[in-house]
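Engineer: Dropping the sequence and predicted coords here.
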Amino acid sequence: MMRLLAMLVVAMIVSGYYFPFTFTFLPGVNTKMVLAVIGIGLVLYEGCRKRGITFSKELMGAVVLACLFSFVCLFSIDYNHTDDYSYVTYFATFFTWLGGAYAACAAIRLLHGKVTLKLLVSYLAFVCATQCILAILIDRIPVFRMLVDSYIDQGQEFYQEVGRLYGIGAALDPAGVRFTVVLLLIAYLLCEDDVIRQDRKKITGFLVCFFIISILGNMISRTTTIGMMMGLAYIIYSTGIFRLSISVRNFKFYSVFGCLLVVFVVWGVYMYQNNHNFYQNMRFAFEGFFNWIEMGEWRTGSTDRLNAIMWVWPESFKSWMIGTGKFGFYTFSTDIGYCRFILYCGLIGFGVFSSFFIFNACVFARKREHFLLLSFLLLSLTFIIWIKVATDIFFIYALFYCLDWKESEAKILVE
């Protein structure tokens, strides 16, 4: 029981990193910042204890690119005489994510003695599934919503005004991007980890999380659809689920996947037909699918608006190259990541920012066998989400930098 409680506490710490939020009694400071301070303190402590702090060459490369991007953004706002520091401080954001990731991984290591990819994905899958369930509870139970809102400040007034579900720090596109990353990681473990593939309970646990995040996560943010489709594509490609022959290696996975798919489909159809709130949530979550079935065209209100008015580009050569130095305050009335980044720091800044994520993807593509495909999909995700929103996925790379990639030889920030 005590170990279970300890694991729950660690999961809460991981959630505080992955879905940062602010307490009402501590305004201006979110959980990611708190964990970053703790993480930096741990790095300094380890450095004093071992009389030196050692950074890997890969991490130093990422630091250089993050600082270079910040410098380009600084040049852009200085050249354009603006005071929009949205991404000038990206180097600080970089170290905040890295410090928070170190603290979260330190908590896992304290309990389990190591921080492997499997352990990390297990916690992230549990956290994301829990956030999805919490979002439903917050929406359905007014007393619980009042309790959460009285202690958690996350802009919930806006979510309630526009009728969107939210968890604790999990809402809108940022939540959808995080769900998408975890769905890809779950698919990777299910397809590539032989220990998990031979354990029916572990297969069931990961697949239950996959289905919960795919369904309820889409109710929070339809960006989750990207992860659901990419995750299913990964599973289909890696396991050959539609082949006529079933290999012994994949038999347990096939059987559990098939049973759970039937259970969730039956449950979903029943709830769709008998629960009005669930009906409305499903219509929103899979609006494109329902429009395709009913009208023969895959479309959503948000994508229509995106395509109609949000593709805004620079109007001069100078702006194309170095940007306008304007990003915040919704200056150009667009959410599209490509437009906002190029308008802010030009093609030069956008090129550096893209190189930063290409570098991170290449670093981890070489970490272990079969990781190349996942790294490619994560890199693809970076460029896909910029079609819809200006955000990034360094939060997962920060965690990767803190993992024990070789259990016998821990390669982390402080060696």
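Structural biologist: Ah, there it is.
Engineer: which intervals of the stretch 301-415 of the chain have sub-threshold pLDDT?
Structural biologist: 304, 306-309, 328-330, 407-415 (pLDDT under 70).
Engineer: mind redoing it with 90?
Structural biologist: For the stretch 301-415 of the chain, residues meeting the criterion pLDDT under 90 lie at 301-319, 323-341, 343-345, 365-373, 387-392, 403-415.
Engineer: so I396 sits right up against F179, yeah?
Structural biologist: No. Applying CB atoms under 8 Å, one finds I396 not in contact with F179, separated by 11.9 Å. C-betas here are computed from N, CA, C, even on glycine.
Engineer: Show me which of these two is the more surrounded one.
Structural biologist: Higher neighbour count among I396 and F179: F179, with 29 against 23, using other CB atoms under 10 Å.
Engineer: and the closest residue to A171 other than its chain neighbours, what helix or strand is that in?
Structural biologist: Leaving aside its sequence neighbours, A171 sits nearest to Y159 (CB to CB, 6 or more residues apart in numbering; 5.6 Å). Using DSSP states H and E, the secondary-structure element containing Y159 is helix 156-162.
Engineer: I'd like to know which elements the helix or strand containing V265 is packed against.
Structural biologist: Element membership for V265, per DSSP H and E: helix 248-274. Helices and strands touching helix 248-274, by 3 or more CB pairs under 8 Å, 6 or more residues apart in numbering; DSSP states H and E, are helix 194-197, helix 200-220, helix 224-239, helix 276-285.
Engineer: So which residues make contact with the very next helix or strand once past the last one?
Structural biologist: Downstream of helix 276-285, the first helix or strand assigned by DSSP H and E is helix 287-295. Helix 287-295 has contacts (CB atoms under 8 Å, 6 or more residues apart in numbering) with R222, T225, R283, E297, W298, R299, T300, G301, T303.
Engineer: I only care about those residues that end up buried; give me the PyMOL line for that.
Structural biologist: Here is the PyMOL command that selects the buried residues among those (16 or more other CB atoms under 10 Å):
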select buried, resi 222+225+300
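Engineer: tell me which of the contacts of helix 287-295 is nearest to Y272?
Structural biologist: R283 (8.8 Å; CB to CB).
Engineer: correct me, but R340 touches A390?
Structural biologist: Yes. Contact criterion CB under 8 Å: R340 and A390 qualify, at 4.3 Å.
Engineer: about what we covered before: now, the contacts of helix 287-295 that are in helices?
Structural biologist: Under the assignment DSSP state H, the contacts of helix 287-295 contribute T225, R283, G301, T303 to helices.
Engineer: For the residue nearest in space to the middle of the chain, give me its contacts.
Structural biologist: For the chain, the residue nearest the mean C-alpha position is R178 (1.9 Å; CA atoms, centre = their mean). Neighbouring residues of R178 by CB under 8 Å, 6+ apart: Y18, F19, C128, A170, F395.
Engineer: most surrounded residue in the residues you listed?
Structural biologist: C128 (32 neighbours).
Engineer: tell me the pLDDT at that one?
Structural biologist: C128 is assigned 95 on the pLDDT scale.
Engineer: same deal with the one 3 residues further on?
Structural biologist: The predicted structure scores Q131 at 95 on the pLDDT scale.
Engineer: so where do the helices sit in the stretch 301-415 of the chain?
Structural biologist: 301-309, 317-322, 337-365, 371-385, 394-401 (DSSP state H, counting those that start in this stretch).
Engineer: S122 - how many residues pack around it?
Structural biologist: Counted with other CB under 10 Å, residues neighbouring S122 total 24.
Engineer: I'd like to know how far it sits from A107.
Structural biologist: Counting by CB to CB, to the nearest Å, the separation of S122 from A107 is 14 Å.
Engineer: What is the neighbour count of the nearest residue to F395 once chain neighbours are set aside?
Structural biologist: Nearest residue to F395 in three dimensions, chain neighbours excluded: W97, at 5.4 Å (CB to CB, 6+ apart). Here the count is done by other CB under 10 Å, and W97 has 25 residues near it.
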